[in-house]
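1. what's the 3D shape of this:
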Amino acid sequence: MGGLDLSYSSSAVRRVCKNKNLAIKELGASIAQLLHERLSDIAAAENGSDLKSLTGIFKLHDETGAVTSSNGAALVLSAEQGHLAAPRNPYGQIDWAEVLRLKVLSVGEH
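-> Numbers count the residues shown, from 1 in each chain. As a prediction, this is how the structure comes out:
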């Protein structure tokens, strides 16, 4: 229902993610299209653990809380949990089921 809330590490990253024309200019049409498809996937997820079901697209790193999206060697979209205090499980790892906010750190070509 609600989906993950997205924030951005900088205004430049926000502009590329929010402005399809700018993304096309900076990344090329096919990579910009892939970027916006992946951002839609993220926004549709109920929580961070839903990203695990997108096999081959997202990889969650418990140690850093990073999410990487890629398609072959084309797009790299890096993000981390976006909470002020990271939700953690009893083992001290990111509890992705409790992550409701992601912070997009960077986008670009790999």
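
2. What does the nearest residue to Y8 once chain neighbours are set aside show for phi and psi?
-> Among residues not flanking Y8 along the chain, R14 sits closest, at 3.9 Å (CB to CB, 6 or more residues apart in numbering). Bear in mind the C-beta positions are built from the backbone N, C-alpha and C, glycine included. As for R14, its main-chain torsions (degrees, to the nearest 10) stand at phi -60, psi -50.

3. Check the burial of R14 by counting its neighbours.
-> 14 (other CB atoms under 10 Å).

4. State the distance from it to A23.
-> 11 Å (CB to CB, to the nearest Å).

5. Retrieve the pLDDT associated with the residue nearest to Y8.
-> R14 carries a pLDDT score of 94 in this model.

6. Same check on the one 3 residues further on?
-> Model confidence at C17, given as pLDDT, is 93.

7. So it versus A79, what's the distance?
-> 10 Å.

8. joint contacts of these two?
-> Taking CB atoms under 8 Å, 6 or more residues apart in numbering as the criterion, C17 and A79 both touch V104.

9. Of the two, which one has the most company?
-> A79 (28 against 19).

10. right, and the secondary structure at that one would be what?
-> strand (DSSP: H, G, I helix; E, B strand; the rest coil).

11. cool, and the one 4 residues further on?
-> Following three-state DSSP, we place H83 in the coil state.

12. That one touches D95, doesn't it?
-> No: judged on CB atoms under 8 Å, H83 makes no contact with D95 at a distance of 10.3 Å.

13. Overlap in contacts, those two.
-> Common neighbours of H83 and D95 (CB under 8 Å, 6+ apart) do not exist.
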